[in-house]
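# Mind looking at a prediction? Sequence and model below.
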Amino acid sequence: MKNSSEADILAVVESAKRAASNLMRTGRVWEYSLLSRIMKSPDPIGRQPRSRNFLLCPICKKTHWSLPVHLRRSCMRTSSEADILAVVESAKRVVSNLLRTGRVWEYSLLSRIMQSPDTIGRMIEELESRGNAVVGIPTEAPTAAVPAVPDVPVEAPAESSSESSGELYQCPDTTKQGTSLRERMASLGYYKKHSLDHDLLVSFAKFLQFDMSNENFKQEVENVARFLYFMDPQQASLLFVRQHEKSREYFLKLSEAGLSKQTVQNYIKSVKRFLKFHTGSTDLCFTDRVLHEDCKNYISFLDNIQTATSKQVSKETTRKRFDTFQEGVLSSTQVTAVLAAAKKDFLAVIGKLHAGECSPGHQLTLTELQLVLYYLEAIVILEHAQRPGVVEHMTVTEWISRRRDDTRPGFVVVAVKEHKTAATFVLTQEQEMWFDLYFSEVRPVMLGKKRKRVEDDDETDERFFISSTGKAIYNASNDLERLHKKYQVPKVTSQMARRAYKTATKELSDVQKTKVAGYLTHSTATAEKHYRMKERGSAVDAFLILRNLRGDSDSDQSDTPRGSSAYLTDQAAYDKLLRSYPVTLDGVPPNRSQRKSLAGEYERYCYDRWRSEQLERRVQHVLEHFARRLPSESRVKAWIMKQGWSANLPDAASIVQQWKPSGGIDVAMDSVVLQKFCRTQRWKGLAVADIEGKGRGVLVTRPFALGEVVCDYHGKVVSRQEGLATHTATAEKESGYMFFYNSGQVARCIDAHEEECPCHPGMCTFGRLINHSSKKANLRPRLYSVDGKDVILFIAIRNIKVQEELLFDYGVNRKSFAVVPAAKI
């Protein structure tokens, strides 16, 4: 491209980088069934390859985001660290070789493969020689159009494991019994399944996900895919409804393989729902009436099996309850043993956050961030005896709306009332401080780890508890189990905790029993009842009763939150190190012996933090050097090398990605994301709350940076005369929100006086609720024109912290951007 422009060359380089990244993630593992379909297609050479994910495990032939963590917890649990590192290094070399030599294919080579007697075998051999892996090779090649894909997933949809955070101790404990069960199921072929891309399964998955709002729809679709494979390994179809005996045999074999009766019941429910979808939500009754009738008869057949299985499930449940009874009931102290074991480490992390010397959570390690998350989850589940669903569904709005008890201001009541698992729990002043530090310091960091597409529309930003992957926590019970495993404390579940508290109340008075029972009851009515002002004291009374049953001291409830001085031993060590070895751009960190003499046991923590701060300074130094124009990655890399830094080098690609041009706010509405938010009014990071002395206002639930677009002022654009007329007619009412401005030489108004936006029924937009301040304003309005339509965006004029109220100057005395003052109720 010697005759091409620099922009064209950079575009080609960026495209090649994206292709290389995609190849490392998804281009190395090939399904045998895919190769089979390619070889049988009319033009096998012209078929495009498929993709999958990152470093390849040579044992399970799957790619993983963090191969060392995967090997330690799964494929090489019993191997030494040296062996694991050797496998990782080998995998890295394979990736490097793949990027160098595995991406270019000679047409003549493909032709020779096609002409060989065993085309699939020859292709497999060539792929493996280039660092790829072929999985799912059957003993006999399938001839069906819809292939089977062997898989080894978790046992049951009833208990789906949460996503791994990357830390070894946080992975679910895979016992020998569970491993042997999966191995047995896999060896018997019960995990083989038809492709989930089959039309029957794709339509069923969409029905579960969008129509039924089933969060666990993938597991249910996989259950059906395995059932269909057992009924007909050659092709997925509805003809299995004419094979009653074979169906009964399948469910019997699942039980014989060791699956619980409840899991078998879940398989039956999945197949039954699959058939109900195809008989009631598709055109089957018009295209094949006979098959449609057979499907209805098969559903009746499943009803009979389900009835018989339900009795077995009841017996199984009774047996588990008897086993629990034999084990005995835990004491209240045993329930919260893990909180006592982890408290020292937890307070050390809280001390760092409370000192205010960390930029929101960024100085904490991943392990420390997760410790805060897991500990707070354990408080809700174990200390307050709430169900895991309360933790999983608690929202930011519910946290912001917490209420303080009037007679005992040292306690706050949190009501989780918007979900099926509604509940109320009480926090002490110290615990409220912990939760607030998590919300303002840790949660924003967790959200920043989310790898999310723009078009994704989930409720993650509204959930209070966020996992280390940046998504809403999926299974609080698993998080609780990880915390017990970390501190080697016997596992205590939500049910065990609730049973322990109920047993401990036997000696109490009837009034006290009633209060505790109400505190432990989970229903929307109960949560609403406790949440109302007159009933808040009952919730506090119940909490104090539970605390006395645990034997907690009243000294734990102090009006003054604990400071950081008692917990900052590592911070003190770091301060001592900095006095001798301050962080500089060109400095070298002290060696281990020097760190040991100054920081003692915290020498590694101080070393990591020193290097982290130096790297942050170097990144800022590079960004300041290239402040005027966006540099190329090669130019940044060359300039960094000229600085003479031998280690702890900033990443050039990251520098280019972080760089922001000046004046970018002028083209803000060119952003597809902002256009979508203006269209849907689903602005993220905002919440409506009652502001003392003002009425309603808008708080932020995540940090906003200087120059960032926060939201818009949404309403109907009318002329100034129409706006004044509407304002005059509604000035004495509760609503009267009018935004007057000049668009060129034309005076106009955005009419937002109605509580609900006419074009977005059921929604109350944020912009109209932002309060006025001429001295403390953190926003400024700016006029844009998009396709001839006026849009008012609010731009942050300074960095805005979590839970800070949004304010802007109404500009009553200005000629433009003047909002007619109206009381905000």
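Now that the structure is in, tell me what you want to look at.
# contacts, neighbours, all on C-alpha from now
Noted.
# for the helix or strand containing V264, which positions count as buried?
Using DSSP states H and E, the secondary-structure element containing V264 is helix 261-280. The neighbour-count check on helix 261-280 (16 or more other CA atoms under 10 Å) flags 261-275, 278-279 as buried.
# can you check stretch 582-599 too?
Neighbour-count burial for stretch 582-599 [16+ other CA under 10 Å]: 583, 588-590, 595-596, 598-599.
# so Y191 sits right up against E183, yeah?
No: because the distance of 9.8 Å does not satisfy CA atoms under 8 Å, Y191 is recorded as not touching E183.
# more neighbours, these two?
For Y191 versus E183, the count of surrounding residues by other CA atoms under 10 Å is larger for Y191: 27 against 14.
# Output the below-cut-off pLDDT ranges for the stretch 101-250 of the chain.
Using pLDDT under 70 as the threshold, the predicted model of the stretch 101-250 of the chain has low-confidence ranges 138-180, 215.
# What is the three-state secondary structure of the residue nearest to V380 when sequence neighbours are not counted?
Spatial nearest neighbour of V380, excluding adjacent residues (CA to CA, 6 or more residues apart in numbering): Q386 at 5.9 Å. For Q386, the secondary-structure state derived from DSSP: H, G, I helix; E, B strand; the rest coil is coil.
# What count of nearby residues applies to Q386?
27.
# Next one: it, what pLDDT does it get?
Each residue has a pLDDT score; the one for Q386 is 90.
# dump the residue contacts of it.
The neighbours of Q386, taking CA atoms under 8 Å, 6 or more residues apart in numbering as the test, are 380, 423, 425, 494, 498, 520.
# In this structure the fourth one contacts H384, no?
No: with contacts counted by CA under 8 Å, S494 stays clear of H384, the gap being 9.8 Å.
# hang on, the earlier thing: the residue nearest to V380 and V414, how far apart?
12 Å (CA to CA, to the nearest Å).
# In the stretch 301-450 of the chain, where is pLDDT below threshold?
Low-confidence regions of the stretch 301-450 of the chain, defined by pLDDT under 70, span residues 320-329, 355-363, 418-422, 449-450.
# where do the helices sit along it?
Ranges of helices in the stretch 301-450 of the chain, per DSSP state H, counting those that start in this stretch, are 332-335, 337-355, 366-378, 388-393, 396-400, 429-437, 443-448.
# same thing with the stretch 651-800 of the chain?
According to DSSP H, counting those that start in this stretch, the helices that the stretch 651-800 of the chain contains are 652-658, 672-680, 720-730.
# Just put those in CSV and tack on mean pLDDT.
Converted to CSV, the helices of the stretch 651-800 of the chain look like this (pLDDT from 0 to 100):
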stretch, mean pLDDT
helix 652-658, 84
helix 672-680, 82
helix 720-730, 84
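# Any chance of a markdown table for these, columns distance to A472 and mean neighbour count?
Formatted as a markdown table, the entries for the helices of the stretch 651-800 of the chain read as follows, by distance: least, CA to CA, whole Å; neighbours: other CA atoms under 10 Å:
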| stretch | distance to A472 | mean neighbour count |
| --- | --- | --- |
| helix 652-658 | 26 | 15 |
| helix 672-680 | 21 | 14 |
| helix 720-730 | 42 | 16 |
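# between those helices, which gets nearest to S66?
Using CA to CA as the criterion, the shortest distance between S66 and the helices of the stretch 651-800 of the chain is 20.1 Å, found for helix 652-658.
# Please report phi then psi for R592.
Comment: the main-chain dihedrals of R592 come out as phi -60, psi -40, following degrees, to the nearest 10.
# That one against Y605, yeah?
No: applying CA under 8 Å as the test, R592 and Y605 come out as separate, 11.5 Å apart.
# just to revisit the earlier point, find residues that contact each of Q386 and V414.
Any residue near both Q386 and V414 by CA under 8 Å, 6+ apart counts here, and that gives F425.
# Ramachandran coordinates for the most centrally placed residue in the chain?
Among the residues of the chain, the smallest C-alpha distance to the mean C-alpha position (CA atoms, centre = their mean) belongs to K471, namely 1.0 Å. Note on K471: its backbone torsions stand at phi -110, psi 160 [degrees, to the nearest 10].
# S90 versus L99, what's the distance?
Counting by CA to CA, the gap from L99 to S90 is 14 Å.
# And for L427?
The spacing between L427 and S90, counted by CA to CA, is 51 Å.
# Have a look at these two and say which one is more surrounded.
Neighbour comparison, L427 and S90: the larger count goes to L427, with 23 against 15 (by other CA under 10 Å).
# I figured the more buried one hits R408, correct?
No: L427 is not in contact with R408 according to CA under 8 Å; the separation is 11.7 Å.
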